[in-house]
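Peer 1: Requesting a structural model of the entry that follows:
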Amino acid sequence: MAPPTPQSVLAKLRSLTTTQEITILKLSEPISVAVTQLHDHHQRTSDISTSSLDVTTPSSLEADLTHYRELFAKLRFSYVEQVTKEKFIRAIVGDPPLIVSSQENLDLEKENLEAKATLKALKTEVSDMVTELEEKAKDLSRMYEKVQVETIRLEELPGKIDELENAVAKFKKTQAVGCNPNPELNLPLTKTLDLVKSRKKRESELDKQLEQLQSQVPRKKKELDRLHAELQPLETRKQNSMAAAREARRRKEAALGGVEDDLEERGRWFRAAEAGLNEILEIRG
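Peer 2: Below you'll find the model as predicted:
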């Protein structure tokens, strides 16, 4: 027999969630119907109206349960009181009258104590069962909500799987063609992990160097400020010297009647003449 496909499992889960919806309203329908029928036959005289049955919520059910417990306690007390009075009157007016000895009272009291102990044990057992049922109900509620969320995720999975399969096929096609310009992306897993490890190590070293350089920044900044402070007077002296040189040159040119200083030209002429004489006389300088 072939295993079920994800689509069939998802379809079955959808059908179960749509046909077997669990809500507090569905669970309270048998109680609501029974109480409504009881109200139709015997008009209830309590302070809680049947309008609460129209909108059933956990808080309204809890309020109804508390109210019914109080009514039952009052009804039980009234019943015990009425039965006791009836028995007492029958014992008095009976012929012959019922005479109860002290031993019978002691025996009856002993039986009552045993019955009370048994009743208390049963109440404790019922209380434990109710607590256990409440815990199971909460667990089931959480599981049901989880199933609902997981169902939504399962409905989204086929589309995501198709997208991933298309991406994988495209990636395989790219790898087969070999059009990837970065050869590091074509490495196998082992070499890729080694490359990542080396890159992380290099990154760690660079981080340490960066921390060292950042720690040197304040000192370098102070040194730079000091050099700027020392450079400022030198820059001022340079500007003054250049201004004085320009002024001296201007005065010299003015003294020569506007003719440029020919000392440099004369020096070049003398050097050229010396070189020519050396070549002529074959004298090495």
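
Peer 1: Could I get the phi/psi values of residue 187?
Peer 2: Main-chain torsions, residue 187, degrees, to the nearest 10: phi -70, psi 150.

Peer 1: who's in contact with it?
Peer 2: Residue 187 makes contact with residue 195, according to C-beta atoms under 8 Å, 6 or more residues apart in numbering. No exception for glycine: its C-beta is placed from N, CA and C like everyone else's.

Peer 1: top helix in this structure by residue count?
Peer 2: When the chain is parsed with DSSP state H, its longest helix is helix 102-177.

Peer 1: What's the first helix or strand after that helix?
Peer 2: Next helix or strand after helix 102-177 toward the C-terminus (DSSP states H and E): helix 189-255.

Peer 1: what does the average pLDDT come to for that next one?
Peer 2: For helix 189-255, the mean per-residue pLDDT is 86.

Peer 1: after it, next one along is what?
Peer 2: helix 263-281.

Peer 1: from the chain's centre, how far out does that next one sit?
Peer 2: 90 Å (C-alpha atoms, centre = their mean, to the nearest Å).

Peer 1: and the longest helix of the chain, what other elements does it pack with?
Peer 2: On a contact count with 3 or more C-beta pairs under 8 Å, 6 or more residues apart in numbering; DSSP states H and E, helix 102-177 meets helix 6-19.

Peer 1: average model confidence for the helix it packs on?
Peer 2: Per-residue pLDDT values over helix 6-19 give a mean of 67.

Peer 1: now stretch 71-90
Peer 2: Mean predicted confidence for stretch 71-90 is 89.

Peer 1: mind saving the C-alpha coords of that stretch as PDB?
Peer 2: Only the C-alpha atoms of stretch 71-90 are listed here, as PDB (Å, rounded to 0.1, in the frame of the first residue of the first chain):
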ATOM      1  CA  LEU A  71     -29.400  26.500  45.000                       C
ATOM      2  CA  PHE A  72     -28.600  22.900  45.600                       C
ATOM      3  CA  ALA A  73     -27.100  23.700  49.000                       C
ATOM      4  CA  LYS A  74     -30.200  25.600  50.000                       C
ATOM      5  CA  LEU A  75     -32.500  22.900  48.600                       C
ATOM      6  CA  ARG A  76     -30.600  20.200  50.500                       C
ATOM      7  CA  PHE A  77     -30.800  22.100  53.700                       C
ATOM      8  CA  SER A  78     -34.500  22.700  53.200                       C
ATOM      9  CA  TYR A  79     -35.000  19.000  52.400                       C
ATOM     10  CA  VAL A  80     -33.100  17.800  55.500                       C
ATOM     11  CA  GLU A  81     -35.000  20.300  57.700                       C
ATOM     12  CA  GLN A  82     -38.400  19.200  56.300                       C
ATOM     13  CA  VAL A  83     -37.600  15.500  56.600                       C
ATOM     14  CA  THR A  84     -36.400  15.900  60.200                       C
ATOM     15  CA  LYS A  85     -39.500  17.900  61.200                       C
ATOM     16  CA  GLU A  86     -41.700  15.200  59.600                       C
ATOM     17  CA  LYS A  87     -40.000  12.400  61.400                       C
ATOM     18  CA  PHE A  88     -40.100  14.200  64.700                       C
ATOM     19  CA  ILE A  89     -43.800  14.900  64.400                       C
ATOM     20  CA  ARG A  90     -44.600  11.300  63.400                       C
END
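
Peer 1: Find out how far it is from the centre of the chain, if you would.
Peer 2: 61 Å.

Peer 1: Next, the buried residues of that stretch.
Peer 2: Within stretch 71-90, no residue is scored as buried using 16 or more other C-beta atoms under 10 Å.

Peer 1: do the same with stretch 145-162
Peer 2: Buried-residue list, stretch 145-162, by 16+ other C-beta under 10 Å: empty.

Peer 1: mind checking the SS state of residue 97?
Peer 2: Assigned by DSSP: H, G, I helix; E, B strand; the rest coil, the conformation of residue 97 is coil.

Peer 1: just residue 100 next, same as before
Peer 2: Three-state call for residue 100 (three-state DSSP): coil.

Peer 1: Tell me who's in contact with it.
Peer 2: For residue 100, the contact set (C-beta under 8 Å, 6+ apart) comprises residue 91.

Peer 1: Let me know the distance separating it from residue 87.
Peer 2: Relative to residue 87, residue 100 is positioned 11 Å away (C-beta to C-beta, to the nearest Å).

Peer 1: ok, back up a step: report the mean per-residue pLDDT for the longest helix of the chain.
Peer 2: For helix 102-177, mean pLDDT is 87.
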